[in-house]
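K.L.:
okay, here's the prediction I keep looking at, along with the sequence it came from:
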Protein chains: 2
Amino acid sequence: MKKKTIAIDMDGVLADIEVQLIEHYNKAHGTTLSKESIQGLAEDDAFDRPLLRSVLNADNFFRTLPVMDDAVESLLRLQENFEIFIVSAATEFPVSLAEKVDWLGEHFPFIKWENIILCGSKRIINTDFMIDDHSKNLDYCMGKPIMFTASHNINQTHHLRVNNWKEAVEVLEKTLN
Amino acid sequence: MKKKTIAIDMDGVLADIEVQLIEHYNKAHGTTLSKESIQGLAEDDAFDRPLLRSVLNADNFFRTLPVMDDAVESLLRLQENFEIFIVSAATEFPVSLAEKVDWLGEHFPFIKWENIILCGSKRIINTDFMIDDHSKNLDYCMGKPIMFTASHNINQTHHLRVNNWKEAVEVLEKTLN
């Protein structure tokens, strides 16, 4: 039987971007943001957009992100029953493109290049499930949306939520029955 | 009314890859291939795969491709009535990723980063139309497939074919009536 497909986001879902973003942003712009101070704020309210862009456009920012807890084991396990596509909004930051492919090659070498998608809008991605931390992606997705908890989305309640990879695996495997 | 969507391939459709590929391949590997000698041959029959990969992985190969005849004017015109997504298989060659975004920025500055998708497989791309030169992409596409003529596909007859951008615009605009 054909496996069901999952589109999995990178930043905030596979890659633990929050701490590194705050650290690089504070260092570059002399600010004193903390994980607590941006809790519940949309990205554009927590950060100044042009300043944020300069951090995200810097060499090696995306290449050095830590891996989210349990992400590797979870994808290995999910791959037994699902076809996984990594779908990451990346074309806004061209320097991130090769870095993201390299990062996946290092941490998730079992994901083939055929299953990596670097995009802008995710509106034309059609998978059975989409795991993402952003409403702007989940609201228009063609399959079943699953919101992965991040500081910026904790007040949003209109999507099924998972708080970590253990919960994500549980939710997805329940659909196999 | 919501515009219908078109996924448009880059190599062999927007970017005229054939002549430059033969030229770089011959130069790198001392071969004497010509446009005539590879006519009707699948890519893997026309080229030795590992040798081909070394050409496609070279810096600046994708960045310097010429633009296909009438492509710019055609996309500008189609954009009036359709939403255009550029969907290019690129993750196999990480060096091509930023080069493709830069190339589009130079030649098609009216295409926003939101509408650029660099992928591997195109199986989860869902648009109303897909214009591509490869059966491997068109055979599984979710919308209406349109084959753009290239040397390697001239003997394939199972998709609606357009030979150039003038014909592509004609075919697509007919669907508006």
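P.N.:
Nice, thanks for sending it over. Keep in mind that what you see is a predicted model, and the values were worked out from it rather than measured.
K.L.:
do a quick rundown of the helices in chain A.
P.N.:
Secondary structure of chain A by DSSP state H: the helices cover A:17-29, A:43-46, A:49-56, A:71-78, A:94-107, A:135-138, A:165-174.
K.L.:
and A:N153, which of those is closest to it?
P.N.:
helix A:135-138 (6.8 Å; C-beta to C-beta). (Each C-beta comes from the backbone N, C-alpha and C, glycine too.)
K.L.:
chain center to the closest one: distance?
P.N.:
Centre-to-centre, helix A:135-138 and its host chain are 11 Å apart (C-alpha atoms, centre = their mean, to the nearest Å).
K.L.:
same deal with stretch A:71-91?
P.N.:
Taking C-alpha atoms, centre = their mean, the mean C-alpha location of stretch A:71-91 is offset from the chain mean by 11 Å.
K.L.:
what comes up buried for it?
P.N.:
A:71-72, A:74-75, A:78-79, A:82-91 (16 or more other C-beta atoms under 10 Å in any protein chain shown).
K.L.:
now do stretch A:24-33
P.N.:
For stretch A:24-33, the neighbour count (16+ other C-beta under 10 Å) marks A:24-25, A:33 as buried.
K.L.:
which member of those is positioned nearest A:L118?
P.N.:
A:L118 lies nearest to A:H24 out of the buried residues of stretch A:24-33, by C-beta to C-beta, at 21.0 Å.
K.L.:
contacts only, for A:N164.
P.N.:
Contact analysis of A:N164 by C-beta atoms under 8 Å, 6 or more residues apart in numbering or on different chains lists A:69-70, A:149.
K.L.:
tally of neighbours for A:G12?
P.N.:
22 (other C-beta atoms under 10 Å in any protein chain shown).
K.L.:
residues near the closest residue to it other than its chain neighbours, how many?
P.N.:
In this structure, A:G12 finds its nearest non-sequential neighbour in A:D133, 3.8 Å apart by C-beta to C-beta, 6 or more residues apart in numbering or on different chains. Close neighbours of A:D133, defined as other C-beta under 10 Å, add up to 20.
K.L.:
A:D133 and A:H152, how far apart?
P.N.:
As judged by C-beta to C-beta, to the nearest Å, A:D133 and A:H152 stand 7 Å apart.
K.L.:
next one: A:F61
P.N.:
18 Å.
K.L.:
those two: who's more crowded?
P.N.:
Using other C-beta under 10 Å as the criterion, A:F61 and A:H152 rank with A:H152 on top: 22 against 18.
K.L.:
that one contacts A:D44, doesn't it?
P.N.:
No - the criterion here is C-beta atoms under 8 Å, and A:H152 misses it with A:D44 at 9.4 Å.
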